[in-house]
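# have a look; sequence and predicted model below, questions after that.
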Amino acid sequence: MPDIDRTRVRTLMDRERETFRERHRRSGSLAADAKASLLFGVPMNWMTRWPGDHPVFVDHAEGARFWDVDGNAFVDFCLGDTGGMAGHAPKISVEAIATQAARGITLMLPTEDAAWVGREMTRRFGLPYWNFTLTATDANRFAIRWAREVTERSKVVVHNWCYHGSVDESFAALDAAGRVVARDGNVGKPVDLDETTLVVEINDLGALERALATGDAAVCLFEPALTNIGIVLPEPGYHEAVRELCSKYGTLLLIDETHTISAGPGGCTEAWGLQPDIVTIGKTLGAGIPSAAYGFSEELSQRVYDHTDWRNADVGGVGGTLAGNALSLAAMRATLGEVMTDDAFERMIALGERFEAGVRGVIESRSVPWHVVRLGCRVEYLFRPDRARTGSEAAAGQDDELDPLIHLYLLNRGVLMTPFHNMALMSPATTAEDVDRHTEVFGEAVDELIGRGSAG
Ligand SMILES: Cc1ncc(COP(=O)(O)O)c(C=O)c1O
């Protein structure tokens, strides 16, 4: 196996940075101007984390492509980190959004679309009763509140290296001694994380049982597979055991499908036959119009009704003036009904398989010590030889030099991956040619890295 020469990585990175500057002059000048009025020079702080000197400024986007202000075209496998998973500006959703916008955007009253979307969520995820929010973060926050309310317990259990949005309780991690601490970078934590959170590694059932046996755990807030530190899949039998343990210790099970909807129209809950008490999901539901949802089982819904103070429902910590607004429900109805359909998922998952096979072909033919992993139409490659079994293993496999280099190399050749790790997502508009373009450029990048290509 060829070693990756770190000097070569740095030389290539310098060259790619220079190419980026040349290809993005207008973006560069917009970025410089933006510093005068935007904190960090960007609309949201995480946009500073793209490789290159500044983010690329977008002119317009359509389907699985976008064009920047310098006239460069891109195949988009980032898709707004799932916010654009329906493809950019899908015609049917855009028409429904425009129609509803012209008929009223937000009223504090339901429209007919709400119950339709509720029924569709039940068809997909199996849970009977739904409410809507604007973000997956809010869906998680409100579900956690209800879980605490009905169980009369205080703590949330999360997987180490999880991400569930900006939910205070979820910014907990295990330190080297196995203690619960705040994750690096956690801004202004309200209280110490060990007061709110129990942390276990995914696939560690012994640790989960110890956490639940404390009797303090209101809810397990779990992704069915970790997707925010590379993809870490559950081992066979893991979810069945999680369900049993939750039932045994009276802890509710919340499955966050925001990213794992890549597994199919009803996410892993449907694809793997999971039995959660709560499902949350956001991002993709309304084709990018802020839309998210949380659904409860029959039994939990009854407990929620029993604990509801109807007179104070608007000030109880579960709310949001714009939540459930007419525009996001119209967007969800059109997107779920006609864009992110069962047929579309079939095509997207086939493209995911093609992407995986392409990457595997490059890795094997160049004998680099890396691997690729897939969850439906979401694919990820990691720069370590074998699959990570836990979040900690996946975190240890992140490569602070190779990750940004591969991103920038692809971006300079018109292919956008999800930032911070190497993730690609297929949309209904993605084509086999798009996938093959990635394989081709990825192959060129690896050739250069191992000294077979022009930099060698
Ligand atoms: C699994 C998961 N849940 C929830 C969220 C939060 O989504 P949002 O930032 O749209 O609230 C994210 C965001 O990446 C996520 O990955």
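Yep, that arrived.
# for this protein, give me the ranges with low pLDDT.
Along the chain, segments meeting pLDDT under 70 span 1-2, 453-456.
# who touches the longest helix belonging to it?
Across the chain, the longest stretch assigned as helix under DSSP state H is helix 342-366. Outside helix 342-366, the residues that touch it by Cβ atoms under 8 Å, 6 or more residues apart in numbering are 2, 262, 264-265, 370-372, 374, 376-379, 381, 424, 426-428, 430-432, 435-436, 438-439, 442-443, 446-447, 450, 452. From N, CA and C alone the C-beta is placed, and that goes for glycine too.
# now list the buried members of these.
262, 264-265, 370-372, 374, 376-379, 381, 424, 426-428, 430, 435, 438-439, 442-443, 446-447, 450 (16 or more other Cβ atoms under 10 Å).
# quick one: which of the residues you listed sit in strands?
Here DSSP state E is the test, and the buried ones among the contacts of helix 342-366 give 371, 372, 374, 378, 379, 381, 424 as lying in strands.
# go ahead and confirm the first one touches residue 386.
Yes - taking contacts as Cβ atoms under 8 Å, residue 371 lies within contact range of residue 386: 6.2 Å.
# out of the buried ones among the contacts of helix 342-366, which are close to the ligand?
Near the ligand, taking Cβ under 6 Å from any ligand atom as the test, no member of the buried ones among the contacts of helix 342-366 is found.
# how about the nearest residue to residue 216, chain neighbours excluded?
Sequence neighbours aside, residue 155 is the residue nearest to residue 216 in space, at 4.4 Å (criterion: Cβ to Cβ, 6 or more residues apart in numbering).
# how many neighbours does that neighbour have?
Residue 155: 23 surrounding residues under other Cβ atoms under 10 Å.
# what of residue 345?
22.
# contacting residues around residue 328?
132, 134, 286, 289, 290, 291.
# wait, the last one sits on residue 330?
Pointing back at residue 291 there. No - the pair residue 291 / residue 330 is not scored as a contact, 9.8 Å apart, by Cβ under 8 Å.
# could you give the angle of the strand or helix carrying residue 116 to helix 342-366?
According to DSSP states H and E, residue 116 maps onto helix 113-125. With axes from the mean of the first three to the mean of the last three Cα atoms, to 10 degrees applied, the angle from helix 113-125 to helix 342-366 works out at 50 degrees.
# how far off centre is helix 113-125?
In terms of Cα atoms, centre = their mean, to the nearest Å, the centre of helix 113-125 is found 22 Å from the chain centre.
# for stretch 130-143, same thing?
Remark: stretch 130-143 is offset 15 Å from the chain centroid, using Cα atoms, centre = their mean.
# what is the burial count for the closest residue to the ligand within the chain?
Closest residue of the chain to the ligand, Cβ to the nearest ligand atom: residue 165 (2.7 Å). Residue 165 has 18 neighbours, counted by other Cβ under 10 Å.
# swap in residue 184?
7.
# could you do the one 5 residues further on as well?
A total of 14 residues lie near residue 189 under the criterion other Cβ under 10 Å.
# for the one 10 residues further on, same thing?
By the criterion of other Cβ under 10 Å, residue 199 has 26 neighbours.
# my read is it is in a strand, agree?
Yes - membership of residue 199 in a strand is supported by DSSP: H, G, I helix; E, B strand; the rest coil.
# pairing partners for it in the sheet, please.
Judged by DSSP bridges, the bridge partners of residue 199 are residue 158.
# ok, now how distant is it from residue 345?
Distance, residue 199 to residue 345, by Cβ to Cβ, to the nearest Å: 32 Å.
# now the end-to-end length of stretch 17-28.
12 Å (Cα to Cα, to the nearest Å).
# and the closest residue to residue 304 other than its chain neighbours, what element?
Nearest non-adjacent residue to residue 304, counting by Cβ to Cβ, 6+ apart: residue 146, 5.6 Å away. Per DSSP H and E, residue 146 falls inside helix 136-151.
# show me what that helix is packed against.
Applying 3 or more Cβ pairs under 8 Å, 6 or more residues apart in numbering; DSSP states H and E, one finds that helix 136-151 makes contact with strand 129-133, strand 217-222, strand 252-256, strand 278-281, strand 292-296, helix 298-306.
# do it and the ligand meet at all?
Yes - against the ligand, helix 136-151 shows contacts by Cβ under 6 Å from any ligand atom at 136, 137.
# now that helix - C-alpha only, PDB.
What follows is helix 136-151, C-alpha atoms only, in PDB (Å, rounded to 0.1, in the frame of the first residue of the first chain):
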ATOM      1  CA  ALA A 136     -34.900  19.600  13.100                       C
ATOM      2  CA  THR A 137     -33.200  21.200  16.100                       C
ATOM      3  CA  ASP A 138     -36.600  22.500  17.300                       C
ATOM      4  CA  ALA A 139     -38.200  19.100  16.600                       C
ATOM      5  CA  ASN A 140     -35.600  17.500  18.800                       C
ATOM      6  CA  ARG A 141     -35.900  20.200  21.500                       C
ATOM      7  CA  PHE A 142     -39.600  19.900  21.800                       C
ATOM      8  CA  ALA A 143     -39.600  16.100  21.700                       C
ATOM      9  CA  ILE A 144     -37.100  16.100  24.600                       C
ATOM     10  CA  ARG A 145     -39.300  18.500  26.600                       C
ATOM     11  CA  TRP A 146     -42.200  16.200  26.200                       C
ATOM     12  CA  ALA A 147     -40.100  13.200  27.100                       C
ATOM     13  CA  ARG A 148     -39.000  14.900  30.300                       C
ATOM     14  CA  GLU A 149     -42.500  16.000  31.100                       C
ATOM     15  CA  VAL A 150     -44.100  12.600  30.800                       C
ATOM     16  CA  THR A 151     -41.300  10.500  32.300                       C
END
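# residues in contact with it?
Outside of helix 136-151, the residues within contact range by Cβ under 8 Å, 6+ apart are 131, 133, 154, 156, 164-167, 169-170, 218-219, 221, 250-252, 254, 256, 258, 278, 280-283, 292-294, 296, 300, 303-304, 306-307, 316-318, 320, 323.
# repeat the analysis, applying 6 Å as the threshold.
The contact list for helix 136-151, computed with Cβ atoms under 6 Å, 6 or more residues apart in numbering, reads 133, 156, 164-167, 218-219, 252, 254, 258, 278, 280, 282-283, 292, 294, 303-304, 307, 317-318.
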